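S.K.: Sequence and predicted structure, then a few things I'm wondering about:
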Amino acid sequence: MEAEKRASNFIEEFIEEDLASGRFDHVKTRFPPEPNGFLHIGHVKAFSIDFEVANKYGGVCNLRFDDTNPTKEKAVFVENIQKDIQWMGYQWDKLFFASDFFDQLYDIACGLIRKGVAYVDDQSAEDMRKTRGTLTTPGVNSPYRERSIEENLDLFQRMKNGEFPDGARVLRAKIDMASPNVLMRDPTIYRILRSHHHRTGDAWCIYPMYDFQHPIQDAIEGVTHSLCSMEYEIHRPLYDWMVQHAGFPMPPRQIEFARLNLTRTVMSKRLLRRLVEEGHVSGWDDPRMPTLAAMRRRGYTPAAIKDFLSRVGVAKADSEVDQGLLEFCVREDLGSAAPRAMAVLDPLKITLSNWPEDKIDELPMENHPDHPALGERKVRFSKTLFIEREDFMENPPGKFFRLKPDGEVRLKGAYIIKCEQLVKDASGQVCELICSVDLDSRSGSEGSSRKVKGTLHWLSEADACPIEARLYEPILKDDTGVEDGEAEASDEFAEEQAPAKDFIDDLNPDSIRLMKRALAEPIIRDAQVGATFQFLRMGYFTKDPDSTEEMPVYNRTVALKDSWAKVATKA
RNA sequence: UGCCGAAUAGUGUAACGGUAGCACCUACGACUCUGACUCGUAUUGUCUAGGUUCGAAUCCUAGUUCGGCAGCCA
């Protein structure tokens, strides 16, 4: 339908223009990660756009690994990136590796030399930097710029043959050393680099640079729309130059959009790698990380992530999206799907004074309030129970609907109890409550119509299974913003360019909280790894791979919205 | 002080010369055997200054602020 086809952002508008003008008669995109780390939610935005746009216009999207820098790349990253994309529900058309095209790229580079638009430069990296000029002053031509085509061809071949040491020479595009766009000042397109490549091994000692490989590769694949983030906008003239001088008749169109930033987290591979390597997190899939692997482990769903991305939209302006929006989307998706069950994270013992010692009641409990089809399960009720420690206060502020001395609450799906007596330990802390039960108040019974304000989740001793629960907070402290600017920069280079402050200082010391004495229903204990429940009143939890037979481990995916917490904090 | 971009409620994003809307957040209220969910109500916005026009977030001019660019990284 017409409405279905209408552009929903500026990228799609451009594409529709191109389709209408006849510049292209189809759409082909590509997602081109470098396999040097795990994908994070920012990458998901990128490849979602690539895939969604292609799908919308009946085209396809390739997955291409831009593996042109063997010093940083690993096969393990290649595997995980594919897994992540598929987990999100996308399927690429062709799978390519830039390294599969090294021969072809080499030939095209030779073609550039023959055309007189590329040359071998013998200057050192330092001299090249000096002669490049600055942002406000033009550069000067290399003394090697006017070498003959024959000499360039010979030298380039000898570079390839390994006759020169690393760094001795580079191949450069001959463009304009005085260009106001520094990237156009004879950019390097091949360097000598002896490093074992995860796919080509030691077959090559020269590797193409991004500004050469990327546009050429797009053109080879027949990409029509090369979508990328804003920092490449300034590369576009170079992109177009390469495609044109390499002689491709149907140049792809590069379109840039703003990358995703989230509050209270970091979103660059460089910083994420530091977190992993310095041991601030347990790995790339530590549930506090913004990586897809971590989100999957934590219990985020592809549907929630897609919903989030669609709410964020696509634009060119820099922005930082509140992590709360992502959490909202996760709650919304899980809310209708996740079965409910009870777990007590920080147990407080309750003894019922008027409940017979050995009596056990089996109570029916709904698995989901909105979906009766999900059925019921039996929960046991006995003389000894546990409630959440924070659900009792000895001296509560006003509007506290939970248990307090002489107060009454309903235990969800069971009885109304009244707090009669406190038991304190040697340090004066309340360690047990003696309560009476209103025997007529059992849920569903005739006497159950009596209303009390609070309803608590609970567990009987008969049902309580030990589990470990892990609660998470954002990885950065509140009110700090980490400058993420030199996003993909290498460590060495970034240190020179931006020593600045160390983001490690902004790490949130409370980003993880382990509840090692938590208790849960048997259904929680017995679930499969990856299963998700709503622990009543406590949030959504997903079973972690760290779980053992003896000790199930649950990650809190996201807490429930808690309007009481806000009141309590303010008071 | 060069070049390339971007500025719309607290946040994100629409409006393509014709009533500035949507979502999240926030506040209040209703409902509630999850202080959840759901429902209702409300607050808050076009970077600045000029100009064109019957009419400007949109077009023009001049500013301001923010981001990116000087790897043999991608």
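M.R.: Yep, it's here.

S.K.: so where's the stretch 1-150 of chain A uncertain?
M.R.: Along the stretch 1-150 of chain A, the parts satisfying pLDDT under 70 run over A:1-5.

S.K.: mind running it again at 80?
M.R.: Low-confidence regions of the stretch 1-150 of chain A, defined by pLDDT under 80, span residues A:1-6.

S.K.: where do the helices sit along it?
M.R.: Along the stretch 1-150 of chain A, the segments classed as helices by DSSP state H, counting those that start in this stretch run A:2-5, A:10-21, A:41-56, A:75-87, A:102-114, A:125-131, A:149-160.

S.K.: who in the stretch 151-300 of chain A is up against RNA strand B?
M.R.: A:166-170, A:180-183, A:187-188, A:191-193, A:207-211, A:214, A:230-235, A:258 (C-beta under 7 Å from any atom of the strand). Just so you know, the C-beta spots here come from the backbone N, C-alpha and C atoms, and that holds for glycine as well.

S.K.: If any of these are buried, put those into a PyMOL selection.
M.R.: The buried subset of these, as determined by 16 or more other C-beta atoms under 10 Å, is captured in PyMOL by this line:
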select buried, chain A and resi 169+170+183+187+188+191+192+193+207+208+209+210+211+214+232+235+258
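
S.K.: Show me the residues of the stretch 151-300 of chain A next to RNA strand B that map onto helices.
M.R.: Among those, the members falling in helices are A:210, A:211, A:214 (criterion: DSSP state H).

S.K.: of the residues you listed, closest to RNA strand B?
M.R.: Top of the list for closeness to RNA strand B, among those and by C-beta to the nearest atom of the strand, is residue A:210 at 3.3 Å.

S.K.: does that closest one really touch residue A:67, like I thought?
M.R.: No: counting by C-beta atoms under 8 Å, residue A:210 does not reach residue A:67; the two are 11.3 Å apart.

S.K.: can you pull up the bridge partners for the residue nearest to residue A:151 when sequence neighbours are not counted?
M.R.: Spatial nearest neighbour of residue A:151, chain neighbours left out: residue A:120 (7.7 Å); criterion: C-beta to C-beta, 6 or more residues apart in numbering. Residue A:120 has the following beta-bridge partners by DSSP bridges: residue A:171.

S.K.: does stretch A:331-341 come close to RNA strand B?
M.R.: Yes: Stretch A:331-341 reaches RNA strand B (C-beta under 7 Å from any atom of the strand) through A:331, A:332, A:335, A:340.

S.K.: How about stretch A:549-564?
M.R.: Yes: Stretch A:549-564 lies within reach of RNA strand B by C-beta under 7 Å from any atom of the strand, at A:560, A:561, A:562, A:563, A:564.

S.K.: what sits up against that stretch?
M.R.: Here stretch A:549-564 makes contact (C-beta atoms under 8 Å, 6 or more residues apart in numbering) with A:287, A:297-300, A:327, A:330-331, A:334, A:343, A:401, A:465-472, A:518, A:520, A:524-525, A:527, A:532, A:534-535, A:537-544, A:546-547.

S.K.: now swap in stretch A:379-388 and tell me
M.R.: Residues outside stretch A:379-388 that contact it (C-beta under 8 Å, 6+ apart): A:342, A:344-352, A:355-365, A:403, A:411, A:413-415, A:456-464, A:519, A:521, A:537-538.
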